[in-house]
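Peer 1: Starting from these lines, generate the structure:
(one chain, ligands or ions: 1)
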Amino acid sequence: MYGELRGSLGPSAADEGSEIHKRFDVFTEAWVGIAPARNTRPLDSPAESADPEECPFCPGGIEVPFSYDAAVFDNRFPSFRPDPPPPPRLDGRTGPAQGRCEVVLYTDRHDASFGELSPIELARVVAIWIDRGRELWADPAHAYVCVFENRGAEVGATTSVLWMRANSSNTVVGLLPKPARAIQPSRVLRNT
Ligand SMILES: [Zn+2]
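Peer 2: All right, here's what the predicted structure looks like:
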């Protein structure tokens, strides 16, 4: 938790999504994360029509049962996890989806926007970006860290809450191999 702790968390539901793995796309020559359990997320309706009363991120929701300033927790529907199951045997190349997927909630106000955050709230969010990026990046098992925000039904977000994700993986996936290669010398330099 960041800010004041105002309650206790329930039991973890981290065992969901046990079928995750990654596949090598021979057309793009990129690894792709496969996470079937993401299709069973609590909200599958477009963000704009999602009822705030059923929002999993609002205080009292299934993710954080109490009010908060900002919160970070493991994504219950991850594409990567620290202890992934063995990948399925398929015709093409597959691999374990090893990594971390975290959810970062900027505020517990359901309809807040980034521009409406107070200076203290903004400073807290930036501190969280740095904190999570630094910790995930420090793990030698991670080849990249991607801190990103996707908002709106157009990109598949299931809630309009102000939030982002911090994902990391032992393989650089999707379209990221080139930028990851470009910053690798800097990482080596900083670690020596
Ligand atoms: Zn909400």
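Peer 1: Now do stretch 140-151: distance from first to last residue.
Peer 2: Start to finish, the residues bounding stretch 140-151 are 30 Å apart (CA to CA, to the nearest Å).
Peer 1: Pull out the buried residues from it.
Peer 2: For stretch 140-151, the neighbour count (16 or more other CB atoms under 10 Å) marks 142, 143, 144, 145, 146, 147, 151 as buried. C-beta coordinates here come from the backbone N, C-alpha and C atoms, glycine included.
Peer 1: Then stretch 23-34?
Peer 2: Residues of stretch 23-34 classed as buried: 23, 30, 31, 33, 34 (neighbour count, 16+ other CB under 10 Å).
Peer 1: quick one: it to chain centroid distance?
Peer 2: Computed by CA atoms, centre = their mean, to the nearest Å, the chain-centroid distance of stretch 23-34 equals 20 Å.
Peer 1: what number of residues lie near the closest residue to residue 169 other than its chain neighbours?
Peer 2: Computed as CB to CB, 6 or more residues apart in numbering, the closest residue to residue 169 that is not its neighbour in sequence is residue 99, at 3.4 Å. Per other CB atoms under 10 Å, the neighbour tally for residue 99 reads 28.
Peer 1: From the ion, how far off is residue 99?
Peer 2: Distance, residue 99 to the ion, using CB to the ion, to the nearest Å: 26 Å.
Peer 1: Name every strand pairing with the one helix or strand that residue maps to and say which way it goes.
Peer 2: Element membership of residue 99, judged by DSSP states H and E, is strand 99-105. Strand 99-105 has the following sheet partners, assigned by DSSP bridges: strand 71-74 (antiparallel), strand 163-169 (antiparallel).
Peer 1: SS state for residue 109?
Peer 2: Here residue 109 is coil, with the state taken from DSSP: H, G, I helix; E, B strand; the rest coil.
Peer 1: any idea how far residue 1 is from it?
Peer 2: Distance, residue 109 to residue 1, by CB to CB, to the nearest Å: 17 Å.
Peer 1: distance between stretch 110-124 and the chain's centre?
Peer 2: With CA atoms, centre = their mean as the basis, stretch 110-124 stands 19 Å off its chain's centre.
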